[in-house]
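A.B. asks: Task: produce atomic coordinates for the following.
(one chain, ligands or ions: 2)
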Amino acid sequence: MSENHSSPCDNAPTMMPVEQAINLMLASLRCEQAKMPIQLDAALGAILADDILAALAIPPHDNSSMDGYALRAEDLQDKDSLQLIGSSFAGAPFTGQVQKGQTVRIMTGAVIPTGADAVVMQEQTKANGEQIHFLSQPVKGQNIRRQGEDIATGQILFSAGHRLRAVDLGLLASLGIAEVNVYQPLKVALMSSGDELVAPGTALADGQIYDSNRAVLRAQLQQLGIDVLDLGIVPDSKQALRLALSQAAAECDALISSGGVSVGEADFTKEILAELGEIGFWKLAIKPGKPFAFGNLGGCVFFGLPGNPVSAYVTFDYLVRPALAVMAGQERQNSRQFSAETIVSLKKRPGRMDLQRGIYWQNEDGQLQVKSTGNQGSGVLTSIGQANCYIVLEQERGNVEPGERVHIQPF
Ligand SMILES: Nc1nc2c(c(=O)[nH]1)N[C@H]1C(S)=C(S)[C@@H](COP(=O)(O)OP(=O)(O)OC[C@H]3O[C@@H](n4cnc5c(N)ncnc54)[C@H](O)[C@@H]3O)O[C@H]1N2
Ligand code: MOO
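C.D. replies: Ligands and ions are numbered 1, 2, ... in the order given. As a prediction, the model looks like this:
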């Protein structure tokens, strides 16, 4: 993280527009992760630290896409039989040259013999000893997969910052690459704040609830390949918060806390953040998630998520995820949004951008339609479980009527 964190609106009375907050956050962050070599079998989800150039072509040779016979296409213009002179198997190429009037038995994936320029599949032939009779007239290039048609030598296959997916591991393997340089994973501390919280598996006393945010956030971090330092449940005490924030600052690249960032009498998180570090901004024009706080504890970036389970989930998704991607060295992802017609009315007050939870589908005419999951309360975690998209409603928009168009962002 850069040393200079702007403090655009400490104690700002107004809510900062979400785009502005994201831009401020991303501009203040950069990747400082060391590079490390990693074997392909452990590289799923890792982020490349170097460009990958193809040192060879894929496929490396012109080869057959069918079991059949390799030949010179022009030879079958005036006759329909050719003399068999050998065979080319995948891994055991034919070493001679195909001359006028000759053919070579060939298997799928085998190298095209020198001189041949087409392959006829065996179902369109009849063998009679060394004479092969052809039932179809081939065209030049038929059933030949060209050298480099998938990947050309020297091509940049992946740029630094690319997050490796399963298919990418196959592409790297096809180039013979067994090890790549990736960025070391981020280490992120995670804590839940609140005296009312207890860990699942324990009995509840009066007024207590189970801590669900940590389970969700831990899993989301794990999916991003991040090392999680779980600081557990931190009670609403300044001293406990000081200890937790100090430990995170000493050991981690970032701290994600949930709860305690609003204006209640036990909401101390911001106060301790300001004491040990710096508040970058607090309070965004977003629903849910208004009291989101961003700051730093020296070199440790602080993300203060609101305690309400939906607010914590949504702010992680929309605000923290892109920030962590920058810190982890990942190339910028554009969020995929589509336009859809809402078939229900959506309650919306101007002033905050809404990320309502919706269900979208394609109707018989191929048009995207969407409806709300229902109760949009920021404690209703099932609204996310049932949803397959966010309905993104602009900050100044008011109530939305059935038939109006809205933006959706699929999960
Ligand atoms: N007077 C005002 N009150 C509130 C405002 C406001 O502007 N003025 N904002 C509301 C909004 S919006 C939100 S969001 C919440 C956020 O408050 P905190 O971040 O301080 O969160 P808590 O008060 O600690 O908790 C809120 C809610 O969520 C439950 N919770 C907290 N942590 C967890 C957890 N780990 N797992 C499950 N549930 C959790 C907690 O019990 C509360 O019910 O403030 C509003 N108030
Ligand atoms: O933003 Mo709070 O998250 O609206 O409930």
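
A.B. asks: Sketch out the low-pLDDT regions of this structure for me.
C.D. replies: Flagging of the chain using pLDDT under 70 yields the residue ranges 1-13.

A.B. asks: So which bits of it are right by ligand 1?
C.D. replies: 192, 194, 196-197, 209, 211-214, 258-264, 267, 288, 290-291, 306-309, 311, 378 (C-beta under 6 Å from any ligand atom). Where C-beta positions appear, they are placed from N, C-alpha and C, glycine not excepted.

A.B. asks: Quick check on those residues: which are buried?
C.D. replies: 192, 194, 196-197, 211-214, 258-262, 267, 288, 290-291, 306-309, 311, 378 (16 or more other C-beta atoms under 10 Å).

A.B. asks: Just the ones of these in helices?
C.D. replies: Counting by DSSP state H, the part of those found in helices is 213-214, 309, 311.

A.B. asks: for the residues you listed, which one is nearest Leu84?
C.D. replies: Distance to Leu84, by C-beta to C-beta, is smallest for Arg214 among these, at 70.3 Å.

A.B. asks: how close does that closest one get to Gly259?
C.D. replies: Taking C-beta to C-beta, to the nearest Å as the measure, Arg214 falls 10 Å from Gly259.

A.B. asks: Mind listing the shared neighbours of these two?
C.D. replies: Ser192 (C-beta atoms under 8 Å, 6 or more residues apart in numbering).

A.B. asks: Please enumerate the helices of the stretch 151-300 of the chain.
C.D. replies: Remark: helices assigned in the stretch 151-300 of the chain by DSSP state H, counting those that start in this stretch are 166-174, 213-223, 238-251, 269-276.

A.B. asks: Any chance of the ones you listed in a markdown table with distance to Ile144 as columns?
C.D. replies: Conversion of the helices of the stretch 151-300 of the chain to a markdown table gives the following (distance: least, C-beta to C-beta, whole Å):
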| stretch | distance to Ile144 |
| --- | --- |
| helix 166-174 | 19 |
| helix 213-223 | 42 |
| helix 238-251 | 58 |
| helix 269-276 | 65 |
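
A.B. asks: I'd like to know which of the ones you listed is closest to ligand 2.
C.D. replies: Distance to ligand 2, taken as C-beta to the nearest ligand atom, is lowest for helix 213-223 among the helices of the stretch 151-300 of the chain, at 12.1 Å.

A.B. asks: Would you tell me whether the closest one gets close to ligand 2?
C.D. replies: No. On the criterion C-beta under 6 Å from any ligand atom, helix 213-223 is out of touch with ligand 2, staying 12.1 Å away.

A.B. asks: contact partners of that helix?
C.D. replies: Helix 213-223 has contacts (C-beta under 8 Å, 6+ apart) with 45, 188, 190-192, 200, 228, 230, 232-233, 256, 258-259, 305, 307, 309, 312-313, 316-317, 321.

A.B. asks: on contacts alone, who are the packing partners of the longest strand along the chain?
C.D. replies: Determined from DSSP state E, the single longest strand within the chain is strand 353-362. Using 3 or more C-beta pairs under 8 Å, 6 or more residues apart in numbering; DSSP states H and E, the elements in contact with strand 353-362 are strand 286-287, strand 368-372, strand 389-393, strand 405-410.

A.B. asks: Find the closest residue to ligand 1 in the stretch 301-411 of the chain.
C.D. replies: Taking C-beta to the nearest ligand atom, the stretch 301-411 of the chain has Gly307 as its residue nearest ligand 1, at 2.6 Å.

A.B. asks: distance of that residue from Trp361?
C.D. replies: Distance from Gly307 to Trp361, by C-beta to C-beta: 33 Å.

A.B. asks: just the strands in the stretch 201-350 of the chain please.
C.D. replies: Secondary structure of the stretch 201-350 of the chain by DSSP state E, counting those that start in this stretch: the strands cover 209-210, 227-234, 254-258, 278-282, 286-287, 293-297, 300-305, 338-342.

A.B. asks: Please produce JSON lines containing those, extended by distance to Ser65.
C.D. replies: JSON lines is the format used below for the strands of the stretch 201-350 of the chain (distance: least, C-beta to C-beta, whole Å):
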{"stretch": "strand 209-210", "distance to Ser65": "57"}
{"stretch": "strand 227-234", "distance to Ser65": "45"}
{"stretch": "strand 254-258", "distance to Ser65": "50"}
{"stretch": "strand 278-282", "distance to Ser65": "57"}
{"stretch": "strand 286-287", "distance to Ser65": "53"}
{"stretch": "strand 293-297", "distance to Ser65": "54"}
{"stretch": "strand 300-305", "distance to Ser65": "51"}
{"stretch": "strand 338-342", "distance to Ser65": "37"}
